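*Asks:* Return a 3D structure for these sequence lines:
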Amino acid sequence: MKYTENVKYIFKKELKSYFISPIAYIVISIFLLIIGWLFFSTFFINDQASLVSFFSLLPPTLAFIIPAVTMRLFSEEMNVGTYELLLTLPVTFRDIIVGKFLAAVAFISVMLAPTLVYAITITLLGKLDWGPVIGGYIGALLLGATFSAIGLLASSLTRNQVVAFIIGMTICVCLTLLMDFLLFFLPDSVVSLFQYFSAKYHFENIAKGVVDSRNVLYFLTISFIALYGANLIMQEKK
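*Replies:* So this is what the prediction gives:
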């Protein structure tokens, strides 16, 4: 019970800190402007009642946006000294990491919520298959959670927010764009092995409307490894 209350306290503290700063609103606005413009600029050309092109834009976009959201989670607190104050409270490293992680995931959910307007708009224009739409949003939340965990890990490595952003973005980009790029140069015998490490590959599978346990397990595994790594790093720094 105490663990739950501690996580809840950290979660509320971090989520509140997002929205008392203009950065959150700037990030959300930039995300919606970029993703909205890219989606609707091709939507009427394709002339299909589908969100396939929207979901195809999410992996590379989130790979850049989420590290910007998470870069301050540990870096800022270590830089200004509030992290030491946080440790004086009756909370563990696990409480802090899980609370910060859940706050980042909640923020990503808020950021994605306005895009539901796209689905509603398309429904008014034609017949939309909601299966892939639901799968796409489930995949987007899993992808967002995984990138948030990676961003949290990057933020635990350094006091500098810019460095944390670069590290987080590099890892996320490697799991999306770079991994797919490498597949073109690999022999067929190892393609399936390297493909398994691609976040974009697993996301696209879920976005088809079929939530396979193997794809879900991939995102949960990467998230766990990143959060566990952040825990080890913060324990070492203490």
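*Asks:* Contact partners for the residue most central in space within the chain?
*Replies:* For the chain, residue 144 is the residue whose C-alpha lies nearest the centre (CA atoms, centre = their mean; 2.2 Å). Counting by CB atoms under 8 Å, 6 or more residues apart in numbering, residue 144 touches 62, 66, 105, 108, 109, 112. For glycine as for every other residue, the C-beta is placed from the backbone atoms N, C-alpha and C.
*Asks:* Go through those and single out the one with the most neighbours.
*Replies:* Using other CB atoms under 10 Å as the neighbour criterion, residue 66 leads these with 29 neighbours.
*Asks:* you'd agree that residue is up against residue 149?
*Replies:* No. Counting by CB atoms under 8 Å, residue 66 stays clear of residue 149, with 9.8 Å between them.
*Asks:* Now secondary structure and distance to residue 55 too, for the contacts of residue 144, in JSON lines please.
*Replies:* Listed next are the contacts of residue 144 as JSON lines, based on DSSP: H, G, I helix; E, B strand; the rest coil; distance: CB to CB, whole Å:
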{"residue": "62", "secondary structure": "helix", "distance to residue 55": "11"}
{"residue": "66", "secondary structure": "helix", "distance to residue 55": "16"}
{"residue": "105", "secondary structure": "helix", "distance to residue 55": "18"}
{"residue": "108", "secondary structure": "helix", "distance to residue 55": "15"}
{"residue": "109", "secondary structure": "helix", "distance to residue 55": "16"}
{"residue": "112", "secondary structure": "helix", "distance to residue 55": "11"}
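*Asks:* now, which of those sits nearest residue 164?
*Replies:* Of all the contacts of residue 144, residue 66 has the smallest distance to residue 164: 12.0 Å, by CB to CB.
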